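*Asks:* Provide a 3D model corresponding to the input given below.
(one chain, ligands or ions: 1)
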Amino acid sequence: MKLYDFTMAPNPRRVRIFLAEKGVKIPIEQVDLLAGKSHTAEFLAKNPSGALPVLELDDGTYLAESVAICRYFEETHPEPRLMGIDGMDRALVEMWNRRMELELFLPLARALQNTLPFFKAMMKQFPDYGAAQHEAVNQRMVRLDSELKNREFISGNRFTIADITAQVAVDLRTNLGGMPMPDLPNLRRWHASVSARPSAKA
Ligand SMILES: N[C@@H](CCC(=O)N[C@@H](CS)C(=O)NCC(=O)O)C(=O)O
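*Replies:* Here you go, the predicted model:
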């Protein structure tokens, strides 16, 4: 088994945090996205999307998509539960993880890709679209702040994959986007709590 990873990239970090929370250690191979190494014929045979992360299994299966890889480890290493503890909780965790993915992580990625000089050589940028996506992220963070008012974590009072998705997005906004954490007390309290977990170093 092997995880294809690129330390700088946010989606692989979601899987690394998930594995760290589970205490699972597997071999990791770096694929340099900046050098285009995920678009070689050899890598496209593993994942035709040319994207990371990818998990290579011992039977030759290649599993792509961060959440699918996390699902694999949730099934093979159930504890601690990061994707829900029973049917209803699994549905709630999925709801929150999709919200964090679709309403925070993806708009942030589009915002950064369309506004940062870092991405200029890699893609055609649409700065107005990027600015609108930044605004969508800011508004979603305000809403998240009120959602976190009466609970410790995003899907209730347990740390789940939804926290990981949001944590990676918020850290990317700060570290690559250079934007400070907004002055939102519940969001800050939640972020300090997830950042204090040993898995945050992954
Ligand atoms: N939906 C995919 C997105 C994967 C993705 O976009 N990965 C980025 C790194 S964060 C990547 O490999 N980009 C390089 C490319 O698409 O060429 C997932 O959740 O794993």
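
*Asks:* which bits of the protein sit near the ligand?
*Replies:* Counting by Cβ under 6 Å from any ligand atom, the positions of the chain adjacent to the ligand are 9-11, 33, 38, 50-53, 65-66. Where you see a C-beta, it was placed from the backbone N, CA and C, and this is true even at glycine.

*Asks:* was I right about residue 22 contacting residue 77?
*Replies:* Yes - under the criterion of Cβ atoms under 8 Å, residue 22 makes contact with residue 77 at 4.8 Å.

*Asks:* what about these two, which has more around it?
*Replies:* Taking other Cβ atoms under 10 Å, residue 22 and residue 77 do not tie; residue 22 has more neighbours (19 against 15).

*Asks:* residues in contact with the more buried one?
*Replies:* With contacts defined as Cβ atoms under 8 Å, 6 or more residues apart in numbering, residue 22 is in contact with 73, 77, 79-80, 82.

*Asks:* mind checking pLDDT for it?
*Replies:* pLDDT recorded at residue 22 is 98.

*Asks:* State which helix of the chain is the longest.
*Replies:* Identified as the longest helix of the chain according to DSSP state H is helix 127-147.

*Asks:* how about the CA coordinates for the helix or strand that it is followed by, as CSV?
*Replies:* Remark: after helix 127-147, the chain's next helix or strand is helix 161-175, criterion DSSP states H and E. C-alpha atoms of helix 161-175 as CSV (Å, rounded to 0.1, in the frame of the first residue of the first chain):
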residue,chain,number,x,y,z
ILE,A,161,-13.9,14.5,8.6
ALA,A,162,-16.0,17.7,8.3
ASP,A,163,-13.5,19.4,10.7
ILE,A,164,-10.6,18.2,8.6
THR,A,165,-12.1,19.6,5.4
ALA,A,166,-12.7,22.9,7.0
GLN,A,167,-9.4,23.0,8.8
VAL,A,168,-7.4,22.4,5.6
ALA,A,169,-9.4,25.1,3.9
VAL,A,170,-8.9,27.7,6.6
ASP,A,171,-5.2,26.9,6.9
LEU,A,172,-4.8,27.2,3.1
ARG,A,173,-6.5,30.6,3.2
THR,A,174,-4.0,31.8,5.8
ASN,A,175,-0.8,30.0,4.6
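
*Asks:* Off-centre distance for helix 161-175?
*Replies:* 6 Å (Cα atoms, centre = their mean, to the nearest Å).

*Asks:* List the buried residues in that helix.
*Replies:* 161-173 (16 or more other Cβ atoms under 10 Å).

*Asks:* and residue 201, backbone torsions?
*Replies:* In terms of degrees, to the nearest 10, the main-chain angles of residue 201 are phi -80, psi -10.

*Asks:* and the gap between it and the ligand?
*Replies:* 18 Å (Cβ to the nearest ligand atom, to the nearest Å).

*Asks:* Can you tell me what sits against stretch 105-112?
*Replies:* By Cβ under 8 Å, 6+ apart, stretch 105-112 touches 10, 118-119, 129-131, 133-134, 136-137, 140, 165-166, 168-169, 172-173, 176-177.

*Asks:* thinking again about what came up before, tell me which strands and helices the longest helix of the chain is in contact with?
*Replies:* helix 106-115, helix 161-175, helix 185-195 (3 or more Cβ pairs under 8 Å, 6 or more residues apart in numbering; DSSP states H and E).
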